[in-house]
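Asks: using only what follows, build the 3D model:
(2 chains)
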Amino acid sequence: MKLRGRIVDVGDEREVETKYGSRSLAEVTVRPEGDGWVPDGGQTDSGDADHGRAARGEDGDGQTTLGDADGETSLSDADGETTPAERDTGDGTVRLTLWGKWTHTVEHAEVGMELLAIDVEESEYRGETTYATGGDSRVVLEPGFLVDVTDIRSWVQCPRMYYLNKLSGIPLNYPVVKGTIVHEVFGDLLRDRDLEDSIDERVREAGLELGLLGRDADEVRDEVRRNAAAIEGWLQQGTLTEEDAWRSEYTLISPTFGIKGRADALRRGMPVELKTGKNTNREPRFQDKIQAAAYALVLAERGVPADTGTLLYTKNTALERHEESGDLSPAKEFSIGDGLLDFVVRTRNEIAAMEFDVSVPTGYEADARCEYCFEQDTCMVVSGRLDQESKAGQIGEAVPEDELEYFERFYRAIEAERRAVHAEYRKLWEQSAEERAEDDRALIGLEPAGNEELDDGRWEMRARKSDDAVSKLREGDVALASDGDPVDGHAELCRIRELGEAVVVTADEPVSLRRLDVYPSEIGVDRMLTALHDFVLKGDPDRKDVLFGRREPEFADGDASEGGEGDREPYVDNNAAQDRAVQMAVDAEDFALVHGPPGTGKTYTIAQIVAALVDRGQRVLLSAFTNRAVDNALEAIRERGIDDVVRVGTENGVREDMLDVRLERGGDPNERAAALRDAPVVAATTSTCGSRVMRENAFDVALVDEASQLTEPGTLAAVELADRFVLVGDHEQLPPVVQASGTQRGAASPNGSSASGEEPRPANDLQTSLFERLIETYPDASVLLDRQYRMSQRIQAFSSREFYDGALRPANGAVAAQRLSDLGVDEGALPPALGDPVAFVDPDGERVGNTNPTEADRVAEIVDAYVAAGVDPDDVGVIAPFRAQVAEIGRRTDVTVDTVDRFQGSAKEVIVVSFVATDALDGPIFEDYRRINVALTRAKKALALVGDAEALSTEPFYERLLDWARR
DNA sequence: TCTCTGCAAAGAGGA
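Replies: Numbers count the residues shown, from 1 in each chain, chains lettered A, B, ... in the order given. As a prediction, the model looks like this:
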């Protein structure tokens, strides 16, 4: 029987006398959720289970059975607490008695946590049914929180190590880089690749990292060769004796136990873990056994029990065998019994429970001997800065109270985001294939069209897409390829190569390609967390003084925001605001903010700023949230004549025309490291800025574009690499995308025009960008680019008034007066409804879900009318708030149709906006007016708004929009 | 029922 639900009460552990002696016991009361209370493998329980069975206590010896009467009657204890049998459970809750080692649960459980107990036993006493753990039971706390196997391993070593790794990230160091190479070579060997070829290529691929570590390739190859010799010897031994069934890099997710991870290899279904180090003891290290056992636990859940684990200590080589005592064979096998598996479950519970309240963990060192710990320094620094107790001791002074508060606040927000990622994982098994497809998170019903082994032993899989199915998946993405069931079936982590009618992916092992799923990643939250750590715990005190409001930002030669051009040569002719922006960026001793509304030449200004900085011999980091924005800015800089630039990023992230300056990671270590270190301009996404390699770099100035779309910790990842920074953005356009958003903020209009008349603070700290926070705190450190080169006067008027206090103006008369006739369009041929450059059309449609088919029809007609009048279809764009409506309209026209979010950053001569809504305008998509600002300001010469007039009149903001459009 | 881009991910070690 299986029990799942929220904990409503946690009892104390206590000893009871049974006829088999003294036993420990504890109770939890749980409110079952949904079908939480079900027999294993069945549906709902109708209460007809076998009542004659006795509750069993168990621990080491496993099978002790309590007599019914003796067991229950002895439960009355000295505390005067009610016994399980006496307590009424008529309120819909269920009481679970935990015996023996599962009393561990109550040491960590808290009210509100989710509990999952499997194989629990049911018994009856005085007419009431009670439940208890038995010999096969396992109890899981917060099963929805996915703990990584490597995290369980480090927690077993020392709980502090778990969150030190989490907070500070694992820095670039040689053992890790070499370990990764050895693991890759191991995988290659399993795929029958030539050893020398593999070593050559894998060491070459790690060139950049090895170079930054000052390592020589020959020396590394020799070392890896020694590890590989141990692997090869062992592999040969295995194949000589009996038939071997191998597979490498196995991705495992456990819905029941809340564990995910990747096993190095499976041999005849048994987990094999490769270790680069040496272990001269007869027994494997305990934490290593736990790691292998964790994989075995997940395998068992999939119905493939593994009773043996193998640890391969590849530094245990024959050469050293003579010199040292002890057991130096590389492979150590051990048996994986229930006791070990239970231990894994309990250890995972400790982590999940510690993470439950989403606060900064303090941790403890358990029995660890700190003097041998490689993490000792980090440990002492973190303890010192956060003023935590630590066996290792503390270094440095605690950060001030307000910084600690900031750290905790953002830690919580980032962790909330992590839960959202975990929720995405859960959808892999909680949603049906059809629901996943409906959600655009999976391509299902693929027809396998052949698998082919590649030269390097990896596999290329092909499949045919049955229909015109769409999804969030894109070429170049990492995804989960499966035979149709990504959790219980066969699944492989793959890279999408092609995503047309033919679907092509590559993976380490072959799979029958019937389904492709979005595979969530925690890397984004991990990097925000390390950026937060670097800023608060290791950041420059001078900078923190400004960012924590203890002093004003400073500029060379006084306050540049007040000074004009003076006598100097202008950086930019004919645009005073742009010129002043460059001046401020150059003069900034802390930071400068460039506020660039739509069409105001942000990218051009960025190029001027970078040029001015490079002229002064400054090393510049150019960053933005998206690859697209990074490449746009980089393009402008190169057009400005700055060619000594390096683009850091993945091959499929970097735009094709920037690949020529992309930093190759593979190659000679010294040369690769120099290519990065010596580049005067380095461009990378903020996420890449948080990578190990980039964290080794330092810059004079970081310039971050689209900074208003970045979370504060996301911005910090780039900013922390430089002495000073420049943020370019527009907080009146789209804010950062945050998944765990709680309630969204309301109106962003400075005119304070939200329905409630108030502007609620965002519920989630990540929803306010650092750009927005700083521009509100230090307006004097910002420049507003107030001349726009995109929209006609008529089009820009509403946006200027509502969002920029009327400060936004056309750059010149030509911009202001532009019309469709400039394009050779016969305006007279347009229907009267589209006669004005800003038009409103009410098609009298009906919202159906997130679509409005009638409105979609009308939008298509309007597009056709523009085209018929002579507008080039490439010059027309359609914007809708929902993806569903985007698809609906897309079926009716060939012009570009997209969501607001995806349209940000681009513009069209003609824009048609579909509002969809026909009754209330509730829903976050309509409540954040910044989204409307973006939609309206994509248009240059003509804008057609298509929506329901009555619905739009219900909100003052939209009513003003209507008035303007229908003028 | 909202919008969605980054990330190969996980990788190590000693008395």
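Asks: A:Ser512 and A:Glu447 touch, don't they?
Replies: No: look at A:Ser512 against A:Glu447 with CB atoms under 8 Å: they stay out of range, at 10.1 Å. For the C-beta atoms, the positions are set from N, CA and C on the backbone; glycine is no exception.
Asks: give me the more crowded residue out of those two.
Replies: Shown here are A:Ser512 and A:Glu447; by other CB atoms under 10 Å, A:Ser512 has more neighbours (16 against 12).
Asks: the stretch 301-450 of chain A: helices as residue ranges?
Replies: Here the stretch 301-450 of chain A has its helices, by DSSP state H, counting those that start in this stretch, at A:318-321, A:338-354, A:376-386, A:401-430, A:433-438.
Asks: distance to A:Leu537 added to those helices, as a markdown table?
Replies: Shown next, in a markdown table, are these (distance: least, CB to CB, whole Å):
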| stretch | distance to A:Leu537 |
| --- | --- |
| helix A:318-321 | 40 |
| helix A:338-354 | 20 |
| helix A:376-386 | 4 |
| helix A:401-430 | 8 |
| helix A:433-438 | 40 |
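Asks: could you export these as TSV, including distance to DNA strand B and mean neighbour count?
Replies: Shown next, in TSV, are these (distance: least, CB to the nearest atom of the strand, whole Å; neighbours: other CB atoms under 10 Å):
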stretch	distance to DNA strand B	mean neighbour count
helix A:318-321	12	12
helix A:338-354	14	21
helix A:376-386	9	20
helix A:401-430	7	18
helix A:433-438	7	16
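Asks: residues contacting the residue of the stretch 501-650 of chain A found nearest DNA strand B?
Replies: Closest approach between the stretch 501-650 of chain A and DNA strand B, counting by CB to the nearest atom of the strand: A:Gly524, at 2.8 Å. Shown in contact with A:Gly524 (CB atoms under 8 Å, 6 or more residues apart in numbering): A:Glu417, A:Val421, A:Ser687.
Asks: wait, A:Ala398 sits on A:Val382?
Replies: No: A:Ala398 lies out of contact with A:Val382 (CB under 8 Å); the separation is 11.0 Å.
Asks: intersection of neighbour lists for these two?
Replies: Counting by CB under 8 Å, 6+ apart, A:Ala398 and A:Val382 have no contacts in common.
Asks: just to revisit the earlier point, dump the contacts of A:Gly524 to CSV, plus distance to A:Thr103 and pLDDT.
Replies: Shown next, in CSV, are the contacts of A:Gly524 (distance: CB to CB, whole Å; pLDDT from 0 to 100):
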residue, distance to A:Thr103, pLDDT
A:Glu417, 34, 89
A:Val421, 32, 88
A:Ser687, 43, 92
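Asks: that older thread, quick one: the residue of the stretch 501-650 of chain A closest to DNA strand B is in a helix?
Replies: Yes: under DSSP: H, G, I helix; E, B strand; the rest coil, A:Gly524 sits within a helix.
Asks: picking that back up, by mean pLDDT, show me the worst of the helices of the stretch 301-450 of chain A.
Replies: Per-stretch mean pLDDT for the helices of the stretch 301-450 of chain A is lowest at helix A:318-321 (a mean of 50).
Asks: ok now stretch A:602-616, how far from the chain's centre?
Replies: Mean C-alpha position of stretch A:602-616 versus that of the full chain (CA atoms, centre = their mean, to the nearest Å) differs by 32 Å.
Asks: actually stretch A:94-111, not the one I typed
Replies: The answer for stretch A:94-111 is 32 Å, by CA atoms, centre = their mean.
Asks: put the alpha carbons of that stretch into CSV.
Replies: C-alpha atoms of stretch A:94-111 as CSV (Å, rounded to 0.1, in the frame of the first residue of the first chain):
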residue,chain,number,x,y,z
VAL,A,94,-4.4,9.1,8.1
ARG,A,95,-2.0,8.2,10.9
LEU,A,96,1.2,6.3,10.0
THR,A,97,3.2,4.6,12.6
LEU,A,98,6.9,4.6,11.8
TRP,A,99,9.0,1.8,13.3
GLY,A,100,12.7,1.4,13.9
LYS,A,101,14.9,3.2,11.4
TRP,A,102,12.0,5.0,9.8
THR,A,103,11.5,7.0,13.0
HIS,A,104,14.3,9.0,11.4
THR,A,105,11.6,10.6,9.4
VAL,A,106,10.2,12.5,12.4
GLU,A,107,13.6,14.0,13.2
HIS,A,108,13.3,15.8,9.9
ALA,A,109,9.7,16.1,9.0
GLU,A,110,7.7,19.3,9.5
VAL,A,111,4.0,20.0,9.2
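Asks: and the next helix or strand past the worst-scoring helix or strand of chain A on mean pLDDT?
Replies: Ranked by mean pLDDT, DSSP states H and E, the weakest helix or strand in chain A is helix A:68-73, scoring a mean of 33. Counting by DSSP states H and E, the element after helix A:68-73 in chain order, helix or strand, is strand A:94-99.
Asks: that following strand pairs with which strands, and in what direction?
Replies: strand A:21-38 (antiparallel), strand A:128-132 (parallel) (DSSP bridges).
Asks: distance to A:Asp922 added to these, as CSV?
Replies: Shown next, in CSV, are these (distance: least, CB to CB, whole Å):
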stretch, distance to A:Asp922
strand A:21-38, 27
strand A:128-132, 43
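Asks: of all those strands, which one comes closest to A:His183?
Replies: Across the strands paired with strand A:94-99, A:His183 has its closest neighbour in strand A:21-38 (39.6 Å, CB to CB).
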